[in-house]
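the following block contains a protein sequence and its predicted model.
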Amino acid sequence: MTSAIAAIAHSNIAFIKYWGNRDNALRIPSNGSISMNLNGLYSHTQVTFDPALESDRLSLGGKEVAGAALARACTLLDQIRNLAGLRAHARVISYNNFPTGTGIASSASGFAALTLAASRAAGLDLAEAELSRLARLASGSACRSIPGGFVEWRAGHDHASSYAFSIAPPEHWDLRDCIAVTSLAHKPTTSQEGHALADTSPLQAARVSSAESRLQVCREAILTRDFDALAQVAELDSNLMHAVMMTSTPILMYWLPATVLVMHAVQEWRRGGVPVCFTIDAGPNVHVLCPASEAEAVIQRLNQLDGVIQVLSAPPGGPARIVASGLE
Ligand code: DP6
């Protein structure tokens, strides 16, 4: 039996979204994306390879998991076993310190932490780009939770060319993601199912063909800490992705009435001079971005809105990393 290795990886919020794949099996995305890791929102994952096990075992938040989630983890573990020349099955014990299945990307942090912990437990010491490629095979957004801070995932055209890297460290820009939670229910359609529908929307081609210019604006906004430019491009990109979702067959509608209420409020605050903007993933929660200096006031305002259950807040986070095993 190998010794237990544990890793932590942060969730991330995309400013320029990944939606739709050119290759679903390899998760080569239709367009590149840019995100910020979320400090304090993480998955902690411990892996032990044990020849006595007859199959891989996965415990998530204290519950033994089977079915699709286990199968996805096994596929990633198979890749790692192949690279390491290992046959033993793995015991994986993972938990998230934030609500899962609500559009706060738990697959991103979970699979990034699993990639790092499992590869180390298998005796591999892989470079960041290789860890990012492996994590991508399990969940696209997970490849962005391997590097630290502000991260870009170049779409690439094959397994080797599609991976994420840091464009600025966490301390580069003291932003806050204030997450207005409007529902704790599990989302009805997973991102994986959603990506497969993206090309059924007549708007997806327009979204993808114009993505490069938004990536450029977003990259530049981050590098120059230009909040206004970030606000414009992040809201545009989020709306474009949701327009694709809403015009797919079948229709995907992740927004709740409270989601729209928060979007209106954020725009009104910005018109009133507060540097703030929204972005929404595949769920009803609204990620409200602002400079750290505004966060307290923004959180207070969000808490006063009807339908906002709670507000989580996160500064930029570091890379996936190995931690002492056991619960933190
Ligand atoms: C809306 O990475 O969760 O959050 O690759 O199937 O695991 P899979 O999908 P996932 O999709 C994330 C979609 C998004 C946008 C983003 O994070 O870029």
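That came through fine. Residues are numbered from 1 along each chain as shown.

run the chain-centre distance for stretch 106-122.
13 Å (CA atoms, centre = their mean, to the nearest Å).

CA atoms only for it - export them in PDB, please.
Extracted in PDB, the C-alpha atoms of stretch 106-122 (Å, rounded to 0.1, in the frame of the first residue of the first chain):
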ATOM      1  CA  SER A 106     -16.800  21.700  -7.300                       C
ATOM      2  CA  SER A 107     -15.700  19.500 -10.200                       C
ATOM      3  CA  ALA A 108     -12.900  22.000 -10.900                       C
ATOM      4  CA  SER A 109     -11.400  21.900  -7.400                       C
ATOM      5  CA  GLY A 110     -12.200  18.300  -6.900                       C
ATOM      6  CA  PHE A 111     -10.600  16.900 -10.000                       C
ATOM      7  CA  ALA A 112      -7.600  19.300  -9.700                       C
ATOM      8  CA  ALA A 113      -7.000  18.100  -6.100                       C
ATOM      9  CA  LEU A 114      -7.500  14.400  -7.200                       C
ATOM     10  CA  THR A 115      -5.000  14.800 -10.100                       C
ATOM     11  CA  LEU A 116      -2.300  16.200  -7.900                       C
ATOM     12  CA  ALA A 117      -2.900  13.800  -4.900                       C
ATOM     13  CA  ALA A 118      -3.200  10.700  -7.100                       C
ATOM     14  CA  SER A 119      -0.200  11.500  -9.200                       C
ATOM     15  CA  ARG A 120       2.000  12.000  -6.200                       C
ATOM     16  CA  ALA A 121       0.600   8.900  -4.400                       C
ATOM     17  CA  ALA A 122       1.500   7.000  -7.600                       C
END
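
so which elements touch the helix or strand hosting residue 165?
According to DSSP states H and E, residue 165 maps onto strand 163-168. Contacts defined by 3 or more CB pairs under 8 Å, 6 or more residues apart in numbering; DSSP states H and E place strand 163-168 against helix 128-138, strand 150-154, helix 211-223. In short, each C-beta sits where N, CA and C put it, glycine included.

mind putting these in TSV, mean pLDDT included?
Listed next are the helices and strands packed on strand 163-168 as TSV, based on pLDDT from 0 to 100:
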stretch	mean pLDDT
helix 128-138	98
strand 150-154	98
helix 211-223	98
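
the strand holding residue 165 pairs with which strands, and in what direction?
Strand 163-168 has its sheet partners listed here by DSSP bridges as strand 150-154 (antiparallel).

quick check: buried residues in the strand it pairs with?
By neighbour count with 16 or more other CB atoms under 10 Å, strand 150-154 contains the buried residues 150-153.

going by distance to the ligand, which of the residues you listed wins?
The shortest gap between the ligand and any of the buried residues of strand 150-154 belongs to residue 153, at 8.1 Å (CB to the nearest ligand atom).

quick check, that closest one in contact with residue 167.
No. The criterion here is CB atoms under 8 Å, and residue 153 misses it with residue 167 at 10.5 Å.

give the residues shared as contacts by the two.
Taking CB atoms under 8 Å, 6 or more residues apart in numbering as the criterion, residue 153 and residue 167 both touch residue 34.

low-confidence ranges, the stretch 101-250 of the chain, go.
Residues of the stretch 101-250 of the chain meeting the criterion pLDDT under 70: 101-105.

now do the helices in it.
Remark: helices assigned in the stretch 101-250 of the chain by DSSP state H, counting those that start in this stretch are 106-121, 128-138, 191-197, 204-209, 211-223, 227-246.

next SSE after the top strand by length along the chain?
Scanning the chain for the strand with the most residues, using DSSP state E, yields strand 33-50. Later in the chain than strand 33-50, the nearest helix or strand by DSSP H and E is strand 57-60.

quick one: contacts of the strand holding residue 165?
Under CB under 8 Å, 6+ apart, the answer for strand 163-168 is 34, 128-130, 132-133, 136, 143-144, 146-154, 156, 219, 222-223, 319.

return the angle between stretch directions for that strand and helix 106-121.
For strand 163-168 against helix 106-121, the angle by axes from the mean of the first three to the mean of the last three CA atoms, to 10 degrees is 100 degrees.

any residue of strand 163-168 up close to the ligand?
No. If you take CB under 6 Å from any ligand atom as the test, strand 163-168 misses the ligand, and the best it gets is 10.7 Å.

sorry, back to before: I'd like the buried residues of strand 150-154 as a markdown table, with distance to the ligand appended.
Shown next, in a markdown table, are the buried residues of strand 150-154 (distance: CB to the nearest ligand atom, whole Å):
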| residue | distance to the ligand |
| --- | --- |
| 150 | 14 |
| 151 | 11 |
| 152 | 11 |
| 153 | 8 |
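
re earlier: and the strand holding residue 165, how far out from the chain middle?
Relative to the centre of its chain, strand 163-168 is centred 14 Å away, using CA atoms, centre = their mean.
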